[in-house]
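Participant: Below is the sequence, then the predicted model.
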4 protein chains.
Amino acid sequence: MKVDLTIAGGKVATPSCIFEADVYVKDGKVLAVGKVDGVTADREIDADGLLVMPGAVDGHVHMMDPGHTDREEFNTGTAAAAVGGATTVIEHHRTEPPVLNAKLFKEKVDYCGPKAVVDFSFMGGAVPDNLNELKGMWDAGAVAFKTFTCALHGVIPMPPGNLRELFKTLATFDGTTLIHAEDDSVLRVNEQLLRASGRKDYMTVAEWRSEDAEMVAIMTAVHLAGQTGARAIFAHVSLPDSLYLIQEAKAEGIQVFAESCPQYMYMSHKDLVEKGPWLKFAPAVRSAEAAEQMWVELEMGNIDMICTDHCPFPKEEKAAGIDDIWEAPYGIPGIDTTMRLMLNGVNQGKVSMERLVRVMCENPARLYGLYPRKGCLLPGADADILLLDMNAKDTISNDDIVSKCGWTPYDGMEAQGKVAMTILRGTVVAENGRPVGEPGYGEFVPRLGAE
Amino acid sequence: MKVDLTIAGGKVATPSCIFEADVYVKDGKVLAVGKVDGVTADREIDADGLLVMPGAVDGHVHMMDPGHTDREEFNTGTAAAAVGGATTVIEHHRTEPPVLNAKLFKEKVDYCGPKAVVDFSFMGGAVPDNLNELKGMWDAGAVAFKTFTCALHGVIPMPPGNLRELFKTLATFDGTTLIHAEDDSVLRVNEQLLRASGRKDYMTVAEWRSEDAEMVAIMTAVHLAGQTGARAIFAHVSLPDSLYLIQEAKAEGIQVFAESCPQYMYMSHKDLVEKGPWLKFAPAVRSAEAAEQMWVELEMGNIDMICTDHCPFPKEEKAAGIDDIWEAPYGIPGIDTTMRLMLNGVNQGKVSMERLVRVMCENPARLYGLYPRKGCLLPGADADILLLDMNAKDTISNDDIVSKCGWTPYDGMEAQGKVAMTILRGTVVAENGRPVGEPGYGEFVPRLGAE
Amino acid sequence: MKVDLTIAGGKVATPSCIFEADVYVKDGKVLAVGKVDGVTADREIDADGLLVMPGAVDGHVHMMDPGHTDREEFNTGTAAAAVGGATTVIEHHRTEPPVLNAKLFKEKVDYCGPKAVVDFSFMGGAVPDNLNELKGMWDAGAVAFKTFTCALHGVIPMPPGNLRELFKTLATFDGTTLIHAEDDSVLRVNEQLLRASGRKDYMTVAEWRSEDAEMVAIMTAVHLAGQTGARAIFAHVSLPDSLYLIQEAKAEGIQVFAESCPQYMYMSHKDLVEKGPWLKFAPAVRSAEAAEQMWVELEMGNIDMICTDHCPFPKEEKAAGIDDIWEAPYGIPGIDTTMRLMLNGVNQGKVSMERLVRVMCENPARLYGLYPRKGCLLPGADADILLLDMNAKDTISNDDIVSKCGWTPYDGMEAQGKVAMTILRGTVVAENGRPVGEPGYGEFVPRLGAE
Amino acid sequence: MKVDLTIAGGKVATPSCIFEADVYVKDGKVLAVGKVDGVTADREIDADGLLVMPGAVDGHVHMMDPGHTDREEFNTGTAAAAVGGATTVIEHHRTEPPVLNAKLFKEKVDYCGPKAVVDFSFMGGAVPDNLNELKGMWDAGAVAFKTFTCALHGVIPMPPGNLRELFKTLATFDGTTLIHAEDDSVLRVNEQLLRASGRKDYMTVAEWRSEDAEMVAIMTAVHLAGQTGARAIFAHVSLPDSLYLIQEAKAEGIQVFAESCPQYMYMSHKDLVEKGPWLKFAPAVRSAEAAEQMWVELEMGNIDMICTDHCPFPKEEKAAGIDDIWEAPYGIPGIDTTMRLMLNGVNQGKVSMERLVRVMCENPARLYGLYPRKGCLLPGADADILLLDMNAKDTISNDDIVSKCGWTPYDGMEAQGKVAMTILRGTVVAENGRPVGEPGYGEFVPRLGAE
């Protein structure tokens, strides 16, 4: 038969195993996976020597658009996603206005659509006084609701009492929340003390976003999730001890999950001391021992998903913190580099390729209700495909960053393993580190089952 | 030899065992315990058939004076203490002004002294902005610092971040805190929801002060105590599950302790539904199963001290809640009745007499730095002595209440076991349920080791 | 192109999701999964309205042959497997001689090959004095080593000390053990007491194989597995409490896993009381509450694999226990019925189809080193395929049993969901409940990676 | 009045606190504690500058008599006890015949009485086949039942099944067991491996009695104690991890307790390597870190009693192990030195004097049913009194050993704190390190409440 696209001769990586197979694509969908003679294709891509994996679903990005287009725009950010290997991005918060009801949700969908280089979904925001808006956003296709236990970026925080009500509300429609879990009061007191002491050095960040802030917030939320039966994902978990709290609760049937990011595996206090504002983000980096253990936890299955927490700022905004760390905003870019860093981890033997596909594709797609349209290469799935050159060794460089911010904290680091090509619904959207897709090709992907 | 007082022919109850012995008192102190022929006494009290125990140290009372003398006065309250069997009361909060520094602490000592019928100590208050005043109060004799995790009675609450700083401050001088542990946000959200729903019925109290409020606050504080090495006592713990959190932490060397009160053993939801404002206090009563299990935990050693949380209001103030439970203030009187209720528990076989002496005398005296001056009958200790008639069966009645409030939620309940006589430093201050001591005889007892 | 076989029009069930796709088979392997026009096939099977799942890997069967061919033969047992939906069976123990070294292992392979209707692997046996034989069996293709903590069927048990040595031996070559975990001394004492009391009634079985026997053995083995780093699977776990021990250890990185069987979900004490010898097996059935909770644990992910523990005896042997339960042997047949029972569970909403594929196909294949040759329908895998009619309602009947024993404890029970057809490496080996494969078609499948 | 003895001018140490008081003794009992003028005494002992504590109750000694009088005799051993500060010794096992029923129990009482320099109690032995004898021994005054989970000294071990039956038996009369908890199979396998490898060096002992042997046995016994409600004391616990298992179970209401000995605090692997047979005992010494942590656990309250495990052998018997460690018997003397070692710990600030009185006097007396006759200085108690010179610094020397064995592994070690005088029921039985009591003065002390 005639198909639109064949990815031929590669090895397909799934959460279960890696096997030799071609991937046949028609009408933007995976038609078949295997080896069938006599199939012709409009385009045949030679994947010999390459790994073929599903496009990543990045469950945690901040594209800053609308509202802060000096930092990133939806087209630049999604172009960077394409290069970085994420064929679906899920955005939440840090755009203006915040998405707190169905009307705003739909307006944002409409606004972003024409700029999207890759497919996208949104979370709604959950704040103390919009709980009755959540079902409307859910029905409009929101994949989950982002909430904060601490004040950050002007978001109204959810202390335990409000969190419990959020959980109860979610339980009525089997909804999901992604929680930025740091205890607000611990952070606030840390800040007061550090400011009072006149501290401006780079370690200030780690002392401000202290480990106990994360532990206290997660411990509390896990308890309340257990009481209410809600499903909660903890964003950017930074500590092995926090992971244990989450995984032990799972054994008792509590629906809690852990997201983490490469910065908690690659970076530690000594990097912060060196790089200061370029590594200022929340939660902060931890000890080198904790960072190394995070790789072990990942392979052990104690981290459910790896996302980027892409939160870009122009160099100028970050540079404001060089002499006074307080002046730099929280957040680093990550969408260009996360997959490279994780592939490098595979090459270093720290994590298996199969585990990577699970935590970067299947699990986020599944937990956010996009599976099996996204997150896999099963027949009928969107033909979102990455070709990986696992042998390519190269130096990560600011010059190659596609995100509007134009820099990365990993500048100068050598890494092995690259995304050679990114295909979205059968169409190549990035190749050799450069985006080739068109803004507007990316589509809104509602939570499956919505409306 | 000649002594001032001999308590002859009774059985002495200690935390270890009960044995036949006379108690010889001279100059207000225990001179000897045993059986010595030839000792004459100015006064010999026949304790034949009676138990002799150390005067109770009530670590949790609110005498309302100065500030709210319509509710209680220091003389009426301490007279009730004498009748109830507490020879030392430790007050904290609910007086005006609050005791937040050494100057106010000393002023309160001076103010209360002339009115005191029994001996007394004070806790200072710990709020977010007076942590640098704590050492001054500690040196002035404060036995601990009372703090609240939730807003109550106008006290500024301590969320986890501030609690941690309190703990760190205490660790510098090996100080102690007594924590009213209910999560502020959980309570606040409960209140909002209950008010919004128009609820005015009596069970509103239990839903407002929900179990998760207590669990979350204790879980968090235990974790932070472990991190900082501080010593923390949890006030009026109402739930077996909370006790487990505390006791398991102890096995790991964390210095946490549990106070409870008879209302969490005798009263449950069905009583609240019946009595409404007369049982409105915080934390609230729990299920009948939990209340029964509290007795088991007590005997098992999982409750470190029993106090009264005496918090009296005139009938009129409480009666305001009869039609609208919101209108009643939080708090019930307890100082007249707590010992009777616990002796009744001994008679019912729910707790041993030895355990009672430990949790009502030795442990509070020890944890609050008054031991062995208070809390025991060892030679050299203050001769604070109770004579107990364990066989006396009687009905608890509002008519017998010495507290200025003039009522008790146990009115009409039959109980077996009474304080026949209360002796403070060798002088009888109550007898047959009536106070006979003079205001001003009571002395301030600073924490041993202070100044 | 031309293929050997196409399964067309069905829905393919995987551990991740269910999707519409054809399965193309050539040379006994899955060639492709998807929808490709223009592929012709020697045989096209219409799967419209049917589910298509990988053949089950039954990790726990006792075919009794050689040694006890009056009970089962390898051809009758594997024919029953074909009908029941297991395309690979893994046998261990209860044949004569026991397989305790590589020579015996290979002899058994040679002996069973000509009789095999489905593919097969073997475990070796691990006993105290053959630990130095394990590596030889491992290299010969053994997928794991079966061991017993208790005496049963004449096997020499492994108390904790020997178990630890087994674990240490396994750790040297990353081997796996399947443990029958019941504490030998607890069973022995139970037996002594029950015999001494003259008990012969049916509940005797449950009291003999008491819950504490299982808990103690698992607790101990989990601890030792953690100390040694070995990988251990617990056979036929019967209790939710045992599962918690295993799953909590997993969160700490200990490599322990749980196998269970449908008899611990469908059967409980009341069935034992009724059916006596026909439900005599070890461990015994538990309470109805525990059985119901096992379904919850299964769906929650706390059971890693479902096997049959097929252990057939002729009716006469079992009937010996009708008047004296001691006289019946331990074991029940299961290979005909397990898949039906689990499909019935899917229809009842107790477990998802995806979970079932995971615990009956992927997980056993993976844990026993047969994946991805077995246990999935990925391209390149053996074309071991089941067609399921999920709507077929029927009564389980002794008349339909293919196992030589000719009976099932589920006789008379109505169940919904059946295996309509079983395909092994592209060849139909069972259809409509009857075996159609030839003895000798089944092949020995060594552990992948073995010589 | 006239009394028999006054201990005047000392400080009395109790589990609660230390206070200045005289102790008045009449008819072998404590008459009074305090300061009473005008009391004259037949003998007045000046305790100025000394501590006065209750005589220790040593719950774990092996006097070897009858049966092995070449090693120790009841008179020599109890004379050493007097010098060492134990006024009551509780013996179990290692005498011939073993005490397995009430008749043998009474015979041993009669045999030992005439030789006893201090008071004594016995445990019975519990083995698999004498459970129906336990109540008889209990009624005859046995304070508990010693049992072994491992074979040692020819005792028949109790694996988990039998242990559970022991627990059930004890629960019927609220009895107590003291368990030597090392898993038999772990030890047996360790021994096989060590013997097979030809090991004869001193570390062989620690590898034989491995940590996992203790952990596995305690874990199992704690679980079974929880199931049955029995009260179990674990003998000579050697590891902090084992203590956690025990203390966490306590928080859940399981009646388990921990005994330890100074050898697990003072000695570690490096000492074993140096001293070999002179430190061969079971369980073995552990790492230096574990030994240091045992002091912390002691002060924290995680060790319930300190005993000696006095198990003396003549130098010749031990010396047999110098060239081949297998040839030395298990056991070391301790009764001369344990109190000195613990007082030295008090002087080093590792444990408080109050804690010491609790774990060496009150707790063993209480757990073994001798309290308050023994273990305290309350009026009415036996006047068993130690005078301690806490300032005396001296070198422990074989020359000073009173035990028949004539040596101590602490020979040459300097220690601060000594027993200056030992008084038993008002009579001095040791003074300045030499026994002055008469054999036969010691009395049998039955469990209080026995017949």
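Facilitator: Received, thanks. Since the structure is predicted, the reported quantities are computational estimates derived from the model, not experimental observations.
Participant: what's the worst-scoring helix or strand of chain A on mean pLDDT packed up against?
Facilitator: Using mean pLDDT, DSSP states H and E, the weakest-scoring helix or strand in chain A turns out to be helix A:240-251, at a mean of 94. Contact partners of helix A:240-251 among helices and strands, from 3 or more Cβ pairs under 8 Å, 6 or more residues apart in numbering or on different chains; DSSP states H and E: helix A:211-228, strand A:256-260, helix A:288-300, helix C:240-251. All C-beta atoms are positioned from the backbone trio N, CA, C, and that covers glycine.
Participant: which helices and strands does the second one pack with?
Facilitator: Contact analysis of strand A:256-260 by 3+ Cβ pairs under 8 Å, 6+ apart lists helix A:211-228, strand A:231-234, helix A:240-251, strand A:305-306 as its packing neighbours.
Participant: Over to the longest one?
Facilitator: The contact analysis (3+ Cβ pairs under 8 Å, 6+ apart) places helix A:211-228 against helix A:160-173, helix A:184-196, strand A:231-234, helix A:240-251, strand A:256-260, helix B:160-173, helix B:211-228.
Participant: what's the angle between the fourth one and helix C:240-251?
Facilitator: Read it as helix A:240-251. Per axes from the mean of the first three to the mean of the last three Cα atoms, to 10 degrees, the angle that helix A:240-251 makes with helix C:240-251 is 160 degrees.
Participant: what does the stretch 301-450 of chain A have sitting close to chain C?
Facilitator: A:301-302, A:362, A:366, A:371-372, A:376, A:378-381 (Cβ under 8 Å from any Cβ of the partner chain).
Participant: Filter these down to the buried ones, PyMOL style.
Facilitator: Typed into PyMOL, the line below selects the buried ones among these, using 16 or more other Cβ atoms under 10 Å in any protein chain shown:
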select buried, chain A and resi 302+362+366+371+372+376+378+379+380+381
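Participant: measure the residue most central in space within chain A to residue A:82 for me?
Facilitator: By Cα atoms, centre = their mean, chain A has its centre lying nearest to residue A:307, at 2.6 Å. Separation of residue A:307 from residue A:82 (Cβ to Cβ, to the nearest Å) stands at 16 Å.
Participant: before we move on, what about residue A:230?
Facilitator: 34 Å.
Participant: Those two: who's more crowded?
Facilitator: residue A:82 (30 against 25; other Cβ atoms under 10 Å in any protein chain shown).
Participant: quick one: pLDDT of the closest residue to residue A:37 other than its chain neighbours?
Facilitator: Excluding the flanking residues, the one nearest residue A:37 by Cβ to Cβ, 6 or more residues apart in numbering or on different chains is residue C:1, at 3.8 Å. On the pLDDT scale, residue C:1 is placed at 81.
Participant: For whichever residue of the stretch 51-200 of chain A sits closest to chain C, name its beta-bridge partners.
Facilitator: Here the stretch 51-200 of chain A gets closest to chain C at one residue, residue A:54, 11.0 Å apart by Cβ to the nearest Cβ. For residue A:54, the beta-bridge partners under DSSP bridges are residue A:385.
Participant: Tell me how many other residues crowd it.
Facilitator: 30.
Participant: pLDDT score for it?
Facilitator: 98.
Participant: I'd like to know how far it sits from chain D.
Facilitator: Per Cβ to the nearest Cβ, to the nearest Å, residue A:54 is found 44 Å from chain D.
Participant: My read is that that residue contacts residue A:358, right?
Facilitator: No - using Cβ atoms under 8 Å, residue A:54 is not in contact with residue A:358, being 10.4 Å away.
Participant: For the residue nearest to residue A:37, which residues are in contact?
Facilitator: Listed by Cβ atoms under 8 Å, 6 or more residues apart in numbering or on different chains, the contact partners of residue C:1 are A:36-39, C:38-40.
Participant: Nearest to chain B among the residues you listed?
Facilitator: Nearest to chain B among the contacts of residue C:1: residue A:36, at 57.7 Å, using Cβ to the nearest Cβ.
Participant: didn't that closest one look like it was pressed against residue A:22?
Facilitator: Yes - counting by Cβ under 8 Å, residue A:22 is a contact partner of residue A:36 at 7.4 Å.
Participant: Which neighbours do these two have in common?
Facilitator: residue C:32.
Participant: Surely residue A:417 is within a strand?
Facilitator: Yes - counting by DSSP: H, G, I helix; E, B strand; the rest coil, residue A:417 is part of a strand.
Participant: what's the nearest residue to it if we skip its chain neighbours?
Facilitator: Residue A:417 sits nearest to residue A:343 (Cβ to Cβ, 6+ apart), 2.9 Å away.
Participant: ok, of the contacts of residue C:1, which come out buried?
Facilitator: A:36, A:39, C:39.
Participant: Please tell me how far the last one sits from residue A:31.
Facilitator: This means residue C:39. 12 Å.
Participant: follow-up on the earlier one: mark which of the residues of the stretch 301-450 of chain A next to chain C are part of strands, please.
Facilitator: In strands, judged by DSSP state E, none of those are found.
Participant: out of the residues of the stretch 301-450 of chain A next to chain C, which one sits closest to chain D?
Facilitator: Distances from chain D to those, taken by Cβ to the nearest Cβ, are shortest for residue A:302, at 23.1 Å.
Participant: That closest one: what's it in contact with?
Facilitator: A:243-244, A:246-247, A:258, C:251.
Participant: what's the span of stretch A:432-449, first residue to last?
Facilitator: Stretch A:432-449 has an end-to-end distance of 36 Å (criterion: Cα to Cα, to the nearest Å).
Participant: For whichever residue of chain A sits closest to chain D, which non-adjacent residue is spatially closest?
Facilitator: Closest residue of chain A to chain D, Cβ to the nearest Cβ: residue A:248 (15.2 Å). Once flanking residues are discounted, residue A:248 sits nearest to residue C:251: 5.2 Å by Cβ to Cβ, 6+ apart.
Participant: quick one, what contacts the one you found?
Facilitator: Counted by Cβ under 8 Å, 6+ apart, residue C:251 has contacts A:244, A:247-248, A:250-251, A:302.
Participant: State the distance from the residue of chain A closest to chain D to residue D:133.
Facilitator: Distance, residue A:248 to residue D:133, by Cβ to Cβ: 45 Å.
Participant: Same question for residue A:196.
Facilitator: 73 Å.
Participant: okay, these two: which has more neighbours?
Facilitator: Applying other Cβ under 10 Å to residue A:196 and residue D:133 shows that residue D:133 carries more neighbours, namely 22 against 8.
Participant: Next one: that one relative to residue D:359, how far apart?
Facilitator: Taken as Cβ to Cβ, the span from residue D:133 to residue D:359 is 31 Å.
Participant: same check, this time on residue A:249
Facilitator: 38 Å.
Participant: got it, and residue A:345?
Facilitator: Distance, residue A:345 to residue D:359, using Cβ to Cβ: 52 Å.
Participant: now swap in residue A:438 and tell me
Facilitator: Applying Cβ to Cβ to residue A:438 and residue D:359 gives a distance of 79 Å.
Participant: residue in the stretch 301-450 of chain A nearest to chain C?
Facilitator: Residue nearest to chain C within the stretch 301-450 of chain A: residue A:379 (3.8 Å; Cβ to the nearest Cβ).
Participant: quick one: contacts for that residue?
Facilitator: A:29-33, C:12, C:19-21, C:33-35.
Participant: cool, residue A:330 as well?
Facilitator: A:152-153, A:280-282, A:311.
Participant: Can you say which of the residues you listed are buried?
Facilitator: Here, 16+ other Cβ under 10 Å leaves A:152, A:280-282, A:311 buried among the contacts of residue A:330.
Participant: ok so, going back, contacts only, for the residue of the stretch 51-200 of chain A closest to chain C.
Facilitator: Residues in contact with residue A:54 (Cβ under 8 Å, 6+ apart) are A:14, A:87, A:357, A:361-362, A:374-377, A:381, A:384-386.
Participant: got CSV for those, with pLDDT too?
Facilitator: Output for these, formatted as CSV (pLDDT from 0 to 100):
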residue, pLDDT
A:14, 97
A:87, 98
A:357, 98
A:361, 98
A:362, 98
A:374, 98
A:375, 98
A:376, 98
A:377, 97
A:381, 97
A:384, 98
A:385, 98
A:386, 98
